[in-house]
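A.B. asks: what's the 3D shape of this:
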Amino acid sequence: MDKKAIIRNFSRCASVYDKYADIQENAAQVLLGQIGEGKINRILEIGCGTGNYTRLLGAKFKKAKIKAVDISARMVEAAEKKLNNKQIEFVIADAEAMLLSEKADLITSNACFQWFSDLEKALKVYYDLLNKNGIISFSIFGPNTFRELNTALNCVLKGANVTAKGFLTKEEINFMMKKFFRDISIKEIEYKQTHNCLKDLLKKIKYTGAQSNSFNGKKYFTHRTLKKIEDAYLDKFKRIKATYQILFVSGKKI
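C.D. replies: Numbering: from 1, shown residues only. Prediction:
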């Protein structure tokens, strides 16, 4: 993944992210629900964004100290303005490259790990950061996300793919998790949404941090091309619908 592009995209949308991030908000609620009520004193949250999931963690684990990390300074700034909690420490850092020494009882992340360059390497680092019997629990977008858009795109532009097509599969994540953790659980939920037009879908993608108009390194979405893709979309699916595949993953350090 191009980290500079990720920082740029998320920083650009920080002020409007919450308006468009209903899928991420739903995922945060599900993710929180799969974390038990056990003794958790220290939490490391990866990819805190504007702090919506951070707020849920703080409400559920009122006595826990939370270190919330995000690669975008503007996202962290938005989270800090939203939350006034002395138990939360916000850190601007690349969670794949940061050096931490303090241990955690829970490492968690909502809709962030799909942007990692090497998730397996990161999981090894997080395993080492967990206390004994510590838990890792995260949600991650899967490769079936925006599959309708990918189909329509390929009808017009052969060989072009949406970024999500390269996301890790359930099987790949399970294989990685088994290298480090026990009591692994992976659950899948597919959310569906319908939009009035293709532009509305692309706007939603753009304002939740993804670069919606760039595929294979080229700018494809001229007005003419956009119309062709929309026509192909409607021909294949009769409406502008979008699938969001989210995997909810958890494991334990024994």
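A.B. asks: For the chain, which segments count as strands?
C.D. replies: Assigned by DSSP state E, the chain shows strands spanning 42-46, 65-70, 88-92, 104-110, 130-141, 182-195, 214-215, 218-219, 240-252.
A.B. asks: What's the separation between residue 204 and residue 243?
C.D. replies: 13 Å (C-beta to C-beta, to the nearest Å). C-beta: built from backbone N, CA, C; applies to glycine.
A.B. asks: Oh, that last question was meant for residue 235, not what I typed.
C.D. replies: Distance from residue 235 to residue 243, by C-beta to C-beta: 18 Å.
A.B. asks: one step back: among the strands of the chain, which comes closest to residue 21?
C.D. replies: Ranking the strands of the chain by distance to residue 21, with C-beta to C-beta as the measure, places strand 104-110 first at 10.0 Å.
A.B. asks: picking that back up, which among the strands of the chain is found nearest to residue 35?
C.D. replies: Of the strands of the chain, nearest to residue 35 by C-beta to C-beta is strand 130-141, at 5.2 Å.
A.B. asks: That closest one pairs with which strands, and in what direction?
C.D. replies: Using DSSP bridges, the strands paired with strand 130-141 are strand 104-110 (parallel), strand 240-252 (antiparallel).
A.B. asks: Using PDB, write down the CA coordinates of the shortest one.
C.D. replies: Extracted in PDB, the C-alpha atoms of strand 104-110 (Å, rounded to 0.1, in the frame of the first residue of the first chain):
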ATOM      1  CA  ALA A 104      -1.700  -4.400  26.400                       C
ATOM      2  CA  ASP A 105      -4.600  -6.600  27.400                       C
ATOM      3  CA  LEU A 106      -6.500  -5.900  24.300                       C
ATOM      4  CA  ILE A 107      -5.300  -4.800  20.800                       C
ATOM      5  CA  THR A 108      -8.200  -3.900  18.600                       C
ATOM      6  CA  SER A 109      -8.800  -2.200  15.300                       C
ATOM      7  CA  ASN A 110     -11.900  -1.300  13.300                       C
END
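A.B. asks: how far out from the middle of the chain is that strand?
C.D. replies: With C-alpha atoms, centre = their mean, to the nearest Å as the basis, strand 104-110 stands 14 Å off its chain's centre.
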